[in-house]
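Engineer: give the three-dimensional model of this entry:
(one chain, ligands or ions: 2)
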Amino acid sequence: MANDKSNYLSVKLRNMTESATLAMAQKARALKNEGHDVIALSLGEPDFDTPEHIKDAAKKALDEGFTKYTPVNGLPQLRNAIVEKFKRDNDLEYSADQVVVSNGAKQCIANLCLSLLDEGDEAIILTPYWVSYFDIVKFAGGKPVAVKGGIEQDFKVTPEQLESAVNDNTKMIIFSSPCNPTGSVYTKDELIALSKVIEKYENLYVVSDEIYEYINFSGKHFSIGTIENIKDQVVTVNGMSKGFAMTGWRLGYMAGPKWIMDACKKVQGQFTSGANAFGQMAAAYALTSDMRPTEVMAVAYLRRKKMIGELLSAIPGVKVNDPQGAFYIFPDVSSYFGKAAGDFKVNDSNDFAEYILTKAHVALVSGAAFGEPNCVRISYATSEEKIQEACSRIEKALALLN
Ligand code: PMP
Ligand code: GLU
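Structural biologist: Ligands and ions are numbered 1, 2, ... in the order given. Down below sits the predicted model:
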């Protein structure tokens, strides 16, 4: 094409994959706009609105004049609230100068990778992983190393697997628990076992993404940063998007060793500056006030999880685990690979997601984007009626595959 200038884009950019979650959400939106009755289970976004008391706090902050630039690492009011929250919920002891507030947890992760990784440094990504880890690591110049836990081990990685992947070039380990896309939760004992490997490598840093902390059906959340022998190697990442239904507010935060936080502040200072002022005041209020709306949402997710787990496991050839957190389920659908309905052949999880979107008008995301091409990710952050209808449509569409 004469006008195709894509070769002029940076090599870094050309090596970057578009976010599969956002791409699928966009596709679902486009089909909906064409008038199709699409059930979108593609985007990991609470269907609840931000609780009223948090919105009121933002309105008050606006009226009080919180409309200016903020310190790059966040308003002191919010960083103090984060310190208090970490102590209250996680037994984590951080000071306010060890906290950085960013435009979403996504930016925290980007800041960390840009601050820590040099060309050729390896970053171990516990797999299945959240889509963006892989490309952020690559963009920062690092080499992503996927270490995979299969469905038979509840998608979790063992210390032996970790040990055999670590080498002198390994600078970072990154994972989410509760996990996007599997919903799996590493137990305290499992994290302690992993820490025994990590403690042997003093220049290895753990990025512990705990953004689904409040959606944990297995009991009280455990933070790897509380493990004494590795606590100076851990950065704890969290954010307002999931637990408080504040995805559009773009507020995430992290805490860790001060020298790493100072580096992240420097990166963020050049890229975006401090996050929005009145939102930060509302987040400070959210973290230190009534947690009941968050608990009510978690109860609804648990009900939906049970429902979708039962409905999916009743479909022939669909294998599920029992996720203990977040709002995703990650069924293994590989028994359908190689089958076809008419002209449509399902060769892999990308085709599977495409087939379900086209035939059933249900949007889900291919597991390939999360490093597990036997699976697809389904977000059940939607109503029970929609979950029921979506599963029934999926079952009917799959019955046509031979
Ligand atoms: N980490 C994980 C595991 C996620 O699922 C998400 C979802 N968007 C994020 C980080 C980023 O969240 P946000 O940027 O909205 O804070
Ligand atoms: N984290 C969500 C997801 O996995 C939101 C989309 C995104 O930020 O990529 O669907």
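
Engineer: scan this protein for its longest helix.
Structural biologist: helix 292-313 (DSSP state H).

Engineer: report the next helix or strand after that one in sequence order.
Structural biologist: Sequence order places strand 328-329 as the next helix or strand after helix 292-313, per DSSP states H and E.

Engineer: now tell me what touches the helix or strand just after that next one from outside.
Structural biologist: Counting by DSSP H and E, the next helix or strand C-terminal to strand 328-329 is strand 339-341. Strand 339-341 is contacted by residues 345-346, 355, 359, 397, 400-402 when judged by CB atoms under 8 Å, 6 or more residues apart in numbering. C-betas here are computed from N, CA, C, even on glycine.

Engineer: partner strands of strand 339-341, with direction?
Structural biologist: Sheet pairing for strand 339-341, assigned by DSSP bridges, gives strand 344-346 (antiparallel).

Engineer: what is the mean pLDDT for the partner strand?
Structural biologist: For strand 344-346, mean pLDDT rounds to 96.

Engineer: ok, residues contacting it?
Structural biologist: So strand 344-346 is contacted by 336-340, 351-352, 355, 358-359, 401 (CB under 8 Å, 6+ apart).

Engineer: mind doing that once more with 6 Å?
Structural biologist: The contact list for strand 344-346 (CB atoms under 6 Å, 6 or more residues apart in numbering) reads 336, 339, 352, 355.

Engineer: what residues does the stretch 1-150 of the chain have near ligand 2?
Structural biologist: 19, 21-22, 43-45, 106, 130-132 (CB under 6 Å from any ligand atom).

Engineer: what's the longest helix of the chain packed up against?
Structural biologist: Secondary-structure packing of helix 292-313 (3 or more CB pairs under 6 Å, 6 or more residues apart in numbering; DSSP states H and E): helix 384-399.

Engineer: try it again at 8 Å.
Structural biologist: If you count contacts as 3 or more CB pairs under 8 Å, 6 or more residues apart in numbering; DSSP states H and E, helix 292-313 packs onto strand 328-329, helix 384-399.

Engineer: any idea of the pLDDT on the residue in the stretch 1-150 of the chain that ligand 2 sits nearest to?
Structural biologist: Here the residue of the stretch 1-150 of the chain nearest ligand 2 is residue 44; by CB to the nearest ligand atom that distance is 3.0 Å. If you check residue 44, the pLDDT there is 93.

Engineer: quick check: it is in a strand.
Structural biologist: No. Using DSSP: H, G, I helix; E, B strand; the rest coil, the assignment for residue 44 is coil, not a strand.

Engineer: how many residues are close by the closest residue to it other than its chain neighbours?
Structural biologist: Of all residues not flanking residue 44 in the chain, residue 379 sits nearest, at 5.1 Å (CB to CB, 6 or more residues apart in numbering). Residues near residue 379, counting by other CB atoms under 10 Å, number 25.

Engineer: for residue 13, same thing?
Structural biologist: By the measure other CB under 10 Å, the count of residues near residue 13 is 9.

Engineer: run the chain-centre distance for whichever strand or helix holds it.
Structural biologist: Using DSSP H and E, residue 13 sits in helix 11-14. Chain-centre distance of helix 11-14: 23 Å, with CA atoms, centre = their mean, to the nearest Å.

Engineer: which residues are in contact with that helix?
Structural biologist: 6, 138-139.

Engineer: now, which of those sits nearest residue 218?
Structural biologist: Of all these, residue 218 sits closest to residue 138, with 32.3 Å by CB to CB.

Engineer: those helices in the stretch 101-250 of the chain, which residues are they?
Structural biologist: Secondary structure of the stretch 101-250 of the chain by DSSP state H, counting those that start in this stretch: the helices cover 105-116, 131-139, 159-165, 188-198.

Engineer: point out the most buried one among those helices.
Structural biologist: helix 105-116 (a mean of 24; mean count of other CB atoms under 10 Å).

Engineer: and that helix with ligand 1, contact?
Structural biologist: Yes. Judged by CB under 6 Å from any ligand atom, helix 105-116 comes into contact with ligand 1 at 105-106.

Engineer: please apply the same query to stretch 226-236.
Structural biologist: No. Applying CB under 6 Å from any ligand atom, one finds stretch 226-236 out of contact with ligand 1, separated by at least 12.4 Å.

Engineer: and stretch 288-306, by the same measure?
Structural biologist: No. Against ligand 1, stretch 288-306 shows no contacts by CB under 6 Å from any ligand atom, the least distance being 13.8 Å.

Engineer: list the contacts of that stretch.
Structural biologist: Taking CB under 8 Å, 6+ apart as the rule, stretch 288-306 contacts 46, 48, 51, 53, 81, 84-85, 183, 214-217, 243-245, 323, 327, 329, 380-382, 384, 387.

Engineer: what distance do you get for the closest residue to residue 117 other than its chain neighbours to residue 227?
Structural biologist: Residue nearest to residue 117 in three dimensions, not counting chain neighbours: residue 142, with 3.6 Å by CB to CB, 6+ apart. From residue 142 over to residue 227 the distance is 24 Å, taken as CB to CB, to the nearest Å.
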